[in-house]
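Enquirer: Can you look at this prediction? I've put the sequence above it.
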Amino acid sequence: MPGVMPGVMPGVMPGVMPGVMPGMMPGMPGAAFPAQAGNPMMAMMQMMQMMMGGGMQGAMVDPAAMPFATPPAQSDGDRGLDAEIIRPATLTDRIKTQEAVPLGSVLDVLCLTEDGQHALGGVPKGCTMALAGPPGKGKTRTALAGLARVALTGVKVALVVAEEGFHDPEGSGRDDLCSRLVKIGMAATELDEKEFVSKVLDNICVLVAPYHKTQSWDEFVTRYRYLVEKEEIDFVVIDSLNTLDPTKTHTADNLSALKTYNHEKGITCVCIGQIRDTGQPVGGEALQHTADAVFLIEEMSLGSKEMAEKWGGSYRDKIDVIQAVKSVTTPVFPHPVRVMRAPGTGCLTVHEAKPEEYALLPPSG
């Protein structure tokens with residue numbers, strides 16, 4: 001082209017690549033690499049040698065190789081796995097005396113004080129217990145009367161109903177559980193209905209958990225925890241533990257989970273249980289091993305005249321007895337106790353006829 005030097009593009013100075021100022025290499029703004037006049041390739045090679053030799057170290061630092069610029073994170077107070085480790089030597093209240101929750105029934109005499117010389121005077125406080133026996137022996141009435149007596153002291157209590165409905169708003173004519181609770185409670189506390197409502201019923205909550213709605217155990221536990229924590233419940237009666245698991249195959253496992261939660265919250269809990277044809281509670285030995293205390297109602301046949309005389313009955317009669325099978329926090333009365341149904345409440349109380357050598361121990365104090 002006229003006016004253009006040979007080998008040079010129009011508008012470009014000799015020895016300079018297009019778009020680059022004289023004395024600068026392409027792609028390196030502000031870097032002063034002397035361009036080899038008329039030899040761009042030589043300039044590029046010179047730049048690469050400088051990079052390999054550390055001449056451009058400041059521009060090519062790997063961010064991953066840089067030291068951490070931020071200080072280490074501060075602890076959030078979570079002890080992690082250490083939180084599950086308890087060192088007894090650091091505790092200051094290591095030795096305790098078992099307290100009692102009086103229920104006003106035969107259950108008050110089955111557990112003993114630490115020295116074994118007196119009746120405890122109630123069920124062990126903070127424990128989860130099983131009360132098992134044949135149908136129609138007064139388990140529910142005993143539990144309801146005890147529930148009312150505890151509520152009268154100002155303690156917040158709960159009744160978990162799993163075997164039937166609680167209240168019949170349609171008025172079908174059935175004496176529903178709500179009605180029976182009020183009548184039994186009034187008889188046990190000797191209050192009229194107005195006083196019973198203000199002094200007892202105001203402290204009672206009911207959780208209806210019927211098994212026919214096929215709720216799972218996990219669903220029940222969620223509702224149970226919500227009730228206990230919302231209302232600050234301290235005493236619970238469950239009627240019955242078995243019907244919360246219709247398959248009756250996980251009763252002991254369910255009780256174990258329930259007991260652990262009750263211990264954490266300091267809840268005293270009486271679980272009414274059923275028995276099999278063998279006379280053993282549903283859940284078997286696993287249930288008896290799991291519960292803090294087990295009270296078992298049985299029928300005793302007076303199969304001889306000597307036995308009938310000993311127990312104050314008639315030959316071949318059948319009498320009801322109850323025994324504390326175990327208690328992990330107290331000694332237990334070592335003999336069966338003959339029981340009867342108390343007038344008015346129908347709850348289990350001590351029968352006046354009993355063997356002399358099986359005399360009950362007096363309460364302490």
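Expert: That came through, no problem.

Enquirer: which residues in the stretch 251-365 of the chain form strands?
Expert: All strands of the stretch 251-365 of the chain, identified by DSSP state E, counting those that start in this stretch, fall at 268-273, 293-301, 318-327, 337-341, 348-350.

Enquirer: any chance of these in a markdown table, plus distance to residue 226 and mean pLDDT?
Expert: C-beta: built from backbone N, CA, C; applies to glycine. A markdown table is the format used below for those (distance: least, Cβ to Cβ, whole Å; pLDDT from 0 to 100):
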| stretch | distance to residue 226 | mean pLDDT |
| --- | --- | --- |
| strand 268-273 | 16 | 94 |
| strand 293-301 | 26 | 95 |
| strand 318-327 | 30 | 96 |
| strand 337-341 | 36 | 97 |
| strand 348-350 | 32 | 96 |
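
Enquirer: Make CSV out of these and add distance to residue 183.
Expert: Below are the strands of the stretch 251-365 of the chain laid out as CSV (distance: least, Cβ to Cβ, whole Å):
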stretch, distance to residue 183
strand 268-273, 19
strand 293-301, 22
strand 318-327, 22
strand 337-341, 15
strand 348-350, 17
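
Enquirer: Out of those, indicate the one that is most buried.
Expert: Of all the strands of the stretch 251-365 of the chain, strand 268-273 carries the top mean neighbour count, a mean of 26, counting by mean count of other Cβ atoms under 10 Å.

Enquirer: For residue 168, which non-adjacent residue is closest in space?
Expert: Leaving out its chain neighbours, the residue that sits closest to residue 168 by Cβ to Cβ, 6 or more residues apart in numbering is residue 176, at 4.3 Å.

Enquirer: Next, count neighbours for that neighbour.
Expert: When neighbours are defined as other Cβ atoms under 10 Å, residue 176 has 16 of them.

Enquirer: Who are the contact partners of it?
Expert: Shown in contact with residue 176 (Cβ atoms under 8 Å, 6 or more residues apart in numbering): 164, 165, 166, 167, 168.

Enquirer: and those as JSON lines, adding secondary structure and pLDDT?
Expert: Shown next, in JSON lines, are the contacts of residue 176 (DSSP: H, G, I helix; E, B strand; the rest coil; pLDDT from 0 to 100):
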{"residue": "164", "secondary structure": "coil", "pLDDT": "85"}
{"residue": "165", "secondary structure": "coil", "pLDDT": "86"}
{"residue": "166", "secondary structure": "coil", "pLDDT": "92"}
{"residue": "167", "secondary structure": "coil", "pLDDT": "91"}
{"residue": "168", "secondary structure": "coil", "pLDDT": "88"}
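
Enquirer: Let me know the closest of those to residue 77.
Expert: Closest approach between these and residue 77, by Cβ to Cβ: residue 166, at 43.7 Å.

Enquirer: Surely the closest one is in contact with residue 204?
Expert: No - here residue 166 lies out of contact with residue 204, judged by Cβ atoms under 8 Å, at a distance of 11.1 Å.

Enquirer: Show me whatever sits in contact with both of those two.
Expert: Going by Cβ under 8 Å, 6+ apart, residues that sit against residue 166 and also against residue 204 are residue 159.

Enquirer: between those two, who's got more neighbours?
Expert: It is residue 204, of residue 166 and residue 204, that has more neighbours when counted by other Cβ under 10 Å, with 20 against 15.

Enquirer: Next, give phi and psi for the more buried one.
Expert: When read as degrees, to the nearest 10, the backbone of residue 204 gives phi -110, psi 130.

Enquirer: wouldn't it be in contact with residue 147 here?
Expert: Yes - using Cβ under 8 Å, residue 204 is in contact with residue 147, at 7.0 Å.

Enquirer: joint contacts of these two?
Expert: Common contacts of residue 204 and residue 147 (Cβ under 8 Å, 6+ apart): 157, 159, 181.

Enquirer: So which residues make contact with the strand or helix carrying the second one?
Expert: Using DSSP states H and E, residue 159 maps to strand 157-161. Applying Cβ under 8 Å, 6+ apart, the contact partners of strand 157-161 are 144, 147, 150-151, 166, 177, 181, 203-210, 224, 227-228, 231, 233-239, 244.
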